[in-house]
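Peer 1: I'd like to go over a predicted model; first the sequence, then the structure.
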Amino acid sequence: MPKLLKGRELAGRVRSDVAESVLRAGGRPPGLAVILVGQDPASETYVASKQKACEKAGIVSVLRRLDTDASEGSVLRVVSELNADDSIDGILCQLPLPPRISPSKVAAAIDPDKDVDGLHPVNVGCLWRGEQGLFPCTPRGIVALLAEEGVPLDGASAVIIGRSNIVGKPLAAMLLRENCTVTLAHSHTRDLPALSRKADLLVAAVGRPGFVGPSFVRPGMTVVDVGISRTEEGLRGDVDFDAVADTVEAITPVPGGVGPLTIAFLLANTLTAWKRARQIS
Ligand code: NAD
């Protein structure tokens, strides 16, 4: 069996550290506002988990619901109200949005100091420039888990499959900061299995259950499975776990691997935004 990289324990620690910092600092609690447009069942579940996690950490969560047929202008108006609200430190807009609302316009409207999903162009720029900012939660969780588990990154060759703004691209920037040599692969990449097999670290963020099979891996490799797909057999990752388990050195299981870290780092980002707003170091 490969080593299992389970994010649950680290996520629990991050969450209790956030709760402790909130208690210790006292005063006005941190506030996180979530904008939810429509009633996508998966989004409802994610938002409910985020709210519950906030409550446990002493963060006030505010849900701003808009109808499925809400206009882009009405979403932008909610964003600007929340930008101006001093009790709100973090703002995120749950994705996916209905097709007529541009996720990049919404991201660019959020005050970069409250942008806890790290999607505002200023934060994206800071990440690539190696400067401070608020950065996307899932890739932050992945890098923290790899560090926690002692996976060597300096000089390692990393292949990331998937180039989304929320996972693939920011993870590429973060692994570059850790001195990995990064290849960002996607749906147009030629001979993906051969490219993947050369990696020391293979990250799958595709959203296709069981996409990464035995032809993608080699002995000694660490595999991070970001994918979460709801199938008839339950939650499935992008990696065909049973088919690669005998070969790879270490792997994140689904569920229980990367998943729990996303919300933990959302709380951590909210704490950071709150501390900056109150000038607490
Ligand atoms: P996305 O749909 O925005 O991006 C998918 C990427 O996969 C694209 O860049 C595309 O180029 C690439 N791709 C698609 N088909 C491909 C193919 N045949 N070959 C190579 N590349 C291909 O997805 P996303 O938002 O980055 O999410 C990816 C997966 O990760 C989803 O299953 C999502 O649910 C999951 N996810 C999990 C967490 C978590 O907390 N664990 C957080 C975010 C996303």
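Peer 2: Great, that's in hand. Note that the structure is predicted; figures quoted are calculated from it, not measured.
Peer 1: got the end-to-end distance for stretch 176-186?
Peer 2: End-to-end distance for stretch 176-186, by C-alpha to C-alpha, to the nearest Å: 18 Å.
Peer 1: need the helices for the stretch 1-150 of the chain, in chain order.
Peer 2: 7-25, 41-57, 72-84, 103-109, 121-129, 137-148 (DSSP state H, counting those that start in this stretch).
Peer 1: Let's see the very next helix or strand once past the last one as PDB, backbone CA atoms only.
Peer 2: Going back to what we said before, that points to helix 137-148. Using DSSP states H and E, the helix or strand that directly follows helix 137-148 along the chain is strand 157-161. Output of strand 157-161 as PDB, limited to C-alpha atoms (Å, rounded to 0.1, in the frame of the first residue of the first chain):
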ATOM      1  CA  SER A 157       9.300  17.800 -11.300                       C
ATOM      2  CA  ALA A 158       5.500  18.500 -10.900                       C
ATOM      3  CA  VAL A 159       2.900  17.800 -13.500                       C
ATOM      4  CA  ILE A 160      -0.500  19.400 -12.800                       C
ATOM      5  CA  ILE A 161      -3.400  18.200 -15.000                       C
END
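Peer 1: Can you mark which positions in the next helix or strand after strand 157-161 are buried?
Peer 2: Next helix or strand after strand 157-161 toward the C-terminus (DSSP H and E): helix 168-177. Across helix 168-177, burial judged by 16 or more other C-beta atoms under 10 Å covers 168-175. All C-beta spots, glycine's among them, are computed from the backbone N, C-alpha and C.
Peer 1: Which one of the helices of the stretch 1-150 of the chain lies nearest to F241?
Peer 2: When these are compared by C-beta to C-beta, helix 7-25 sits nearest F241, at 15.3 Å.
Peer 1: what does the chain have sitting close to the ligand?
Peer 2: Residues of the chain lying close to the ligand by C-beta under 6 Å from any ligand atom are 138, 161-164, 166-168, 186-187, 189, 192, 205-207, 226-229, 258-259, 262.
Peer 1: redo that, cut-off 8 Å
Peer 2: Counting by C-beta under 8 Å from any ligand atom, the chain comes close to the ligand at 95, 137-138, 141, 161-168, 185-189, 192, 205-208, 211, 226-229, 237-238, 257-259, 261-263.
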